[in-house]
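S.K.: Just the structure for this:
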Amino acid sequence: MRLLQEDGRIANNALAAAVGIAPSTCLARVRALRRAGVIRGFHADVDPQALGRGLRAMVAVRMAAGSRATLEPFARAVAARPEVLDVYFLAGADDFLLHVAVRDTDELRRFVVERLSDRPDVASTETSLVFDHLRGAVG
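M.R.: Numbering: from 1, shown residues only. Below you'll find the predicted structure:
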């Protein structure tokens, strides 16, 4: 799993050799992991800064009381925004945590004010700038 997380494009023969099994066995195991939902997909890890979106932030969103019916539509709507990298639905004081990447502080302000705070179902937001991001290993 670690090797696939590091390089989802690793050739089956190279993966099999690295873990010491036959290529046919390796291919069968990876396919089984995909069928079981353990491996959900393979994705390109794009650097937002290379796309002109070097300012990243985490925006905590607290929904208004009585807005339970809007939780799923809110999550889908913000996940579709080009600024949003990830949407986390939380337990606790905040309802959502949004990982966003924008060009600059003006674009971040516009996103928070016009796309979040302006919504009647959003009670409050709290924004924290991200200085660095390190991807952790799973498993």
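
S.K.: Just give the closest residue to Thr105, not the sequence neighbours.
M.R.: Closest residue to Thr105 apart from its sequence neighbours, by Cβ to Cβ, 6 or more residues apart in numbering: Leu55 at 6.6 Å. Where C-beta positions appear, they are placed from N, C-alpha and C, glycine not excepted.

S.K.: Next, count neighbours for that neighbour.
M.R.: Using other Cβ atoms under 10 Å, Leu55 has 17 neighbouring residues.

S.K.: Beta-bridge partners for it, please?
M.R.: Taking DSSP bridges as the rule, Leu55 bridges to Val102.

S.K.: quick one: contacts for it?
M.R.: Ala101, Val102, Arg103, Asp104, Thr105, Glu107, Leu108, Leu129 (Cβ atoms under 8 Å, 6 or more residues apart in numbering).

S.K.: Domains in the protein, by residue range?
M.R.: Per automatic domain parsing, the domain ranges recorded for the chain read 2-35, 48-130.
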